[in-house]
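In: Got a predicted structure here, sequence first:
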Amino acid sequence: MESSIRPLPVLIAAVVCLLALAAVLAPPSAGTSARFVRLRPALMEAALARGDVAAFVAWEPHCARAVLSGTARMLAASKDIWPSHPCCVLAARQELLESRPGLASALRRIHERATAYMNEHPDEAVDIFAASTGMDREAVQAAMDNIAFRTEPDRTGMTTYMQAIRDAGLVPSETDPATAVSRLVPKQQDVDAPTGPITLRVGWLEGDIHQAAFLVAKEKGYFADEGITVEEVVFENGVKEMDGFAAADIDAGYLGAAPLLLKGTVAQVPVVVLAGVNEEGSCIAVRTDGPITDVTDLAGRDIAVPGFGTVQHVLALRALEAAGVAVEGES
């Protein structure tokens with residue numbers, strides 16, 4: 001007669017699966033404060049699926065990709081947290097701009113041309129980004145629908161960022177937000193002066209669709225039109241990119257406004273903002289099959305963010321504060 005006892009490996013596998021599921025579905029076991037953990041956006045979907053974190057806050061297209069795969073659903077889009085919030089900016093090293101008087105104007109022209117092209121030809125912009133990054137076109141298209149591409153820097157919104165990172169204790173308490181923003185985001189005059197030939201090391205964030213204008217400008221030859229050769233440098237998050245500016249490893253870059261303001265203030269990294277890049281385009285994502293239905297449900301749970309002082313970190317702080325959820329130590 002065939003034995004009714006299951007083989008031991010099968011039983012062990014079943015127990016492991018049940019324990020993993022219980023970890024995700026069970027209510028928080030201790031504490032009422034949410035906790036931030038740092039994680040690269042490219043790794044967030046897998047961490048959410050495993051139950052390593054209860055939620056993640058990422059830039060597009062990581063949100064759209066996780067939703068389309070069935071792993072996640074959006075608990076809140078960033079436009080729900082802060083409508084029309086500024087996100088990324090184009091910046092450059094101040095010393096370089098001073099030594100090349102026409103360079104700031106040239107970089108703004110390139111960025112404005114690329115942004116206009118994207119807004120006029122959104123389907124081709126999707127194709128360029130998908131081809132350049134290897135990301136799924138459907139996810140890129142869905143992500144594009146959550147972003148508004150703008151080139152005027154939002155100084156009022158950036159002042160709000162400065163207030164948030166000051167209140168979070170990331171910059172000295174005596175920092176005046178408006179003064180800090182006026183120093184890092186000056187009003188600039190266009191200068192008609194030759195810029196090239198010149199080779200620029202340009203940074204941007206890993207798989208960040210907000211910064212699609214950079215890839216479009218490369219593809220359409222807008223840098224070449226200004227006599228500029230580009231060396232592309234990819235960073236994990238905006239805080240890391242500001243470290244690249246500080247070390248003079250890059251000359252210009254696309255990155256979040258919040259980390260630029262943070263490092264530009266605390267570490268006095270000598271950069272200035274040349275243009276705005278986009279509004280909105282991030283989200284808080286949770287497991288599709290999980291119990292979290294409201295931001296208040298994040299109390300006592302781990303939330304992945306790209307880094308402390310990033311746009312996504314500030315958005316998460318804003319959402320949690322509005323929901324009355326405290327935040328404990330960060331790891």
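Out: Yep, it's here. Residues are numbered from 1 along each chain as shown.
In: Sketch out the strands for the stretch 101-250 of the chain, chain order is fine.
Out: Assignment of strands within the stretch 101-250 of the chain using DSSP state E, counting those that start in this stretch yields the ranges 148-149, 198-205, 228-235.
In: can you redo these as a markdown table with mean neighbour count?
Out: For glycine as for every other residue, the C-beta is placed from the backbone atoms N, C-alpha and C. Output for the strands of the stretch 101-250 of the chain, formatted as a markdown table (neighbours: other Cβ atoms under 10 Å):
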| stretch | mean neighbour count |
| --- | --- |
| strand 148-149 | 16 |
| strand 198-205 | 21 |
| strand 228-235 | 16 |
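In: As TSV, the ones you listed with mean pLDDT and distance to Ala178 would be great.
Out: Converted to TSV, these look like this (pLDDT from 0 to 100; distance: least, Cβ to Cβ, whole Å):
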stretch	mean pLDDT	distance to Ala178
strand 148-149	95	24
strand 198-205	96	27
strand 228-235	96	28
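In: Just put those strands in CSV and tack on distance to Leu68.
Out: Below are the strands of the stretch 101-250 of the chain laid out as CSV (distance: least, Cβ to Cβ, whole Å):
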stretch, distance to Leu68
strand 148-149, 21
strand 198-205, 21
strand 228-235, 24
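In: wait, which of these is closest to Ala164?
Out: Closest to Ala164 of the strands of the stretch 101-250 of the chain, according to Cβ to Cβ: strand 198-205, at 19.7 Å.
In: which other helices and strands contact the closest one?
Out: strand 228-235, helix 238-246, strand 252-256 (3 or more Cβ pairs under 8 Å, 6 or more residues apart in numbering; DSSP states H and E).
In: Tell me the confidence at Ala42?
Out: Looking at Ala42, its pLDDT reads 93.
In: Ok, Gly329 next?
Out: 60.
In: Who is Glu232 paired with across the strands?
Out: Val202 (DSSP bridges).
In: dump the residue contacts of the residue nearest to Ser84 when sequence neighbours are not counted.
Out: Among residues not flanking Ser84 along the chain, Glu279 sits closest, at 5.2 Å (Cβ to Cβ, 6 or more residues apart in numbering). With contact set as Cβ atoms under 8 Å, 6 or more residues apart in numbering, Glu279 has these partners: Ser84, His85, Pro86, Cys87, Ile147, Ala148, Arg150, Asp154.
In: can you tell me which residues contact the last one?
Out: If you count contacts by Cβ under 8 Å, 6+ apart, Asp154 has them with Pro86, Ala257, Gly276, Glu279.
In: same check, this time on the first one
Out: Taking Cβ under 8 Å, 6+ apart as the definition of contact, the neighbours of Ser84 are Ala148, Gly157, Glu279, Glu280.
In: Looking at those, which one is closest to Ala49?
Out: Among the contacts of Ser84, and counting by Cβ to Cβ, the member closest to Ala49 is Glu280, at 25.4 Å.
In: and that closest one, how many residues sit next to it?
Out: Using other Cβ atoms under 10 Å, Glu280 has 23 other residues around it.
In: give me phi/psi at it?
Out: With angles defined as degrees, to the nearest 10, Glu280 sits at phi 60, psi -160.
In: now it, nearest residue through space, not along the chain?
Out: Lys79 (4.6 Å).
In: By mean pLDDT, which helix or strand of this structure comes out lowest?
Out: helix 8-25 (a mean of 41; mean pLDDT, DSSP states H and E).
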